[in-house]
Structure formats: C-alpha cells, structure tokens
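Peer 1: build me a model from this:
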Amino acid sequence: MWEEIMISLKEIKSRAAELLKKNLWRLLGCVLLVSLVSMAISYIGTNIFSEVPLMQILIYLINLYVSTALGIGLYKILFKIDDEKDFSVTDLFSFLPNVKECVLVYLLQLLLIIIIIAISILLGMIFFTSDFVNIYNSYPFISRNMMANIILSIFPKILFYVLIVSGVSLVCDIFPALSMGIVAKEDEGLKKNLFSNTFSIGFKNIKNYVLLNLWFLLLIIITCIPFFIALFVGVGSESGFGVILVILITILWVICIIGLSLYFSLAIAILFNRILKNNNDNDNLIESKSDYENDINENL
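Peer 2: You can find the predicted model right below:
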C-alpha cells in the first residue's frame, strides 16, 4: 500500500549531492544544450520570421513541443544517473518522435496552468472586490496619500493572497513534472493511463514534493543573503576593489545558483524514481476497464 511506502528525503538529498559530484559537467552540458536549442528556435521565430505572424505561431508551437520532448529526455538522463547507468546526448532527443506522449504531457501542463489562473482570479475576486469597489467609487476625490494608505491597509491581504496562490502553484507543479517522469520511465503500464496515473500517484506524494521544494527555497535564500550583503558593501565602496568584489561575488553567486538548480533537479528525479519503482513493486497501476475484463475472461 502507498501509505506503507516510506521515502527518506534525507537519503534523497544526500544521494543527489553524491551524484551531482560525479556527473556535474555532463549534466550541466545536457541542461545547457536544452536551453540553447530552445533559445535557437525562439530566435528563429522572433528575428528571422518577425514579419510572418503565421510562421511565428508555428515556430512557437514547435518550440513548446521540442521543449517538452527535451524535458522528458532530461528526466530519462536523470533516472539513468540515479540508477548508475551510462547515458548519452541521444537520450536527450529520444522522445522527439513520441508525438502522442509529448502532446499529452503538454496538455496536462496547460490544464494545470488554466486551473491555477482560474483559482487566482477567483481568490482575487474574493479578497479584493470590496477594496476595488471602494477605490472606484471614491476615485474622483481620492488623493495620492489616501491611495497610499489604502494600499498599505490591504498589504497584509495582498501578501496572504500571494502566499496562497504560490502554495497552490507549488502543489499543482508536481503533476506536470511527474507526467514527464512517467513518460521518461518508458513503462507501458504507467503510460497507458498517463493522466490517471499522474494524478493518482501525484496526490499521494505531494507532501514529499513540497518539502523538497521548500528545502530548495531555503537553500536559495541562504545563498542570496551573503550575496546581497556583499553586493551592498561593494556598491557602496568607491574604490576599484569594490567593483572587482561585486563582479567576483556575482560570478560566484551565479555558479552557486546553477549548482543548486542541478542539485534540485537531481533530487526531484530521484524522488520520482523511488516513487515509480515502488509503484511497480506494489503493482498499483490504474488499469482500464477493458484490461480488467480481459483478465477475468482469461481466468474463466
């Protein structure tokens, strides 16, 4: 049963750090290649075909498809790293011919984006309708100071709204990411009912996914604090040393952010790899009704 499956986040974090040390440069190369391909396609659409709207739309759709396929390929590489198998650049492009699976993954991403936008609009109406109505009714007579006071008075409400929407987005983010992982596993049983398995498995593992994301956010905050302190000191200095310090600290900070991003990607992939392996071990796939009926008929 899913409730009996214990996944150690501590083990995942240490495993991700260990694997990153062994595969840093190859993994960085794969990530940079994905970014370069996406940037190249975008450049073609925005510059070469800037005066052809239909071609821009077509290239935009192609970029979405290629980015999705490469994202799935990157998960395949991350899974191979976790399983300590050899991988190559060809793994990155191995899902480009799989049109159906890539389109389904993108449709799931699009669906969740629409859901998040709808929730954001609904919560915005609940939180701020009365405030906007009051501002609108008093607009001809309202001064800048009054407007500033109104904004300050609803600032806690705005902050609370942002936190709720961010939390909803974080929770929903597991589903498109997990759908990529499911396709990358190349398990026919999992892929057969991609949407059903994504939501079924995702809902039961939201806690671990959110905790990993919060851990990553904490690491980013810890990394940013000394950077901004050093930046403030360097900018305030009038000597050439201050400028050099700002440049060096900025380069170091960018390197740290890239390293943390690779570490986080590995940690998420390891989590998904554990989840999907446990799913196969416990034979907990969602089967279609026709498959179920076929099994009964065979037994009879």
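Peer 1: centre of the chain versus the host helix or strand of Asn213, how much separation?
Peer 2: Applying DSSP states H and E as the criterion places Asn213 in helix 206-236. Chain-centre distance of helix 206-236: 17 Å, with C-alpha atoms, centre = their mean, to the nearest Å.
Peer 1: next structured bit after the helix or strand harbouring Ala118?
Peer 2: Ala118 belongs to helix 99-138 when assigned by DSSP H and E. Next along the chain after helix 99-138, taking DSSP H and E as the criterion, comes helix 144-172.
Peer 1: now that next one, how far from the centre of its chain.
Peer 2: Taking C-alpha atoms, centre = their mean, one finds helix 144-172 lying 23 Å from the centre of the chain it belongs to.
Peer 1: numbering from 447 from now on, please.
Peer 2: Shifting the count to begin at 447 puts that one at helix 590-618.
Peer 1: avg pLDDT for it?
Peer 2: Taken as a whole, helix 590-618 carries a mean pLDDT of 84.
Peer 1: what residues sit buried inside it?
Peer 2: 600, 607, 611, 617-618 (16 or more other C-beta atoms under 10 Å). (C-beta placed from N, C-alpha, C; glycine too.)
Peer 1: give me the low-pLDDT residue ranges for this protein?
Peer 2: 447-453, 582, 584-589, 593, 679-688, 726-746 (pLDDT under 70).
Peer 1: hmm, try it at 90
Peer 2: Along the chain, the model assigns pLDDT under 90 to residues 447-456, 484-510, 534-535, 570-604, 617, 632-642, 650, 668-700, 702, 722-746.
Peer 1: helices or strands next to the longest helix seen in it in the packing?
Peer 2: Secondary structure of the chain read by DSSP state H shows that its longest helix is helix 686-727. In terms of contacts (3 or more C-beta pairs under 8 Å, 6 or more residues apart in numbering; DSSP states H and E), helix 686-727 is packed against helix 455-489, helix 499-528, helix 620-631, helix 634-638, helix 640-649, helix 652-682.
Peer 1: make TSV from these and add distance to Leu722 and mean neighbour count to it.
Peer 2: Listed next are the helices and strands packed on helix 686-727 as TSV, based on distance: least, C-beta to C-beta, whole Å; neighbours: other C-beta atoms under 10 Å:
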stretch	distance to Leu722	mean neighbour count
helix 455-489	14	15
helix 499-528	9	19
helix 620-631	5	25
helix 634-638	7	15
helix 640-649	7	18
helix 652-682	13	14
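Peer 1: which one of the ones you listed lies nearest to Asn595?
Peer 2: Set against Asn595 and scored by C-beta to C-beta, the helices and strands packed on helix 686-727 come closest in helix 652-682, at 29.7 Å.
Peer 1: the closest one relative to helix 686-727, how many degrees between them?
Peer 2: Between helix 652-682 and helix 686-727, the angle comes out at 170 degrees (axes from the mean of the first three to the mean of the last three C-alpha atoms, to 10 degrees).
Peer 1: so which elements touch helix 652-682?
Peer 2: helix 455-489, helix 590-618, helix 620-631, helix 686-727.
Peer 1: Ser513 touches Leu482, doesn't it?
Peer 2: No. Assessed by C-beta atoms under 8 Å, Ser513 is found out of contact with Leu482, at 11.9 Å.
Peer 1: any chance of the helices and strands packed on helix 686-727 in TSV, with distance to Arg720 too?
Peer 2: Shown next, in TSV, are the helices and strands packed on helix 686-727 (distance: least, C-beta to C-beta, whole Å):
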stretch	distance to Arg720
helix 455-489	7
helix 499-528	9
helix 620-631	11
helix 634-638	14
helix 640-649	12
helix 652-682	9
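Peer 1: can you tell me which of these is nearest to Leu554?
Peer 2: Checking these against Leu554 by C-beta to C-beta gives helix 620-631 as the closest, at 5.0 Å.
Peer 1: export the closest one to CSV, keeping only CA atoms.
Peer 2: Coordinates of each C-alpha in helix 620-631 appear next as CSV, following Å, rounded to 0.1, in the frame of the first residue of the first chain:
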residue,chain,number,x,y,z
ILE,A,620,4.1,18.0,-9.1
PHE,A,621,1.6,16.8,-11.8
PRO,A,622,3.3,18.1,-15.0
ALA,A,623,6.7,17.2,-13.6
LEU,A,624,5.6,13.7,-12.6
SER,A,625,3.9,13.2,-16.0
MET,A,626,7.3,13.9,-17.6
GLY,A,627,8.9,11.4,-15.3
ILE,A,628,6.3,8.7,-16.0
VAL,A,629,6.9,9.1,-19.8
ALA,A,630,10.6,9.1,-19.2
LYS,A,631,10.4,5.7,-17.4
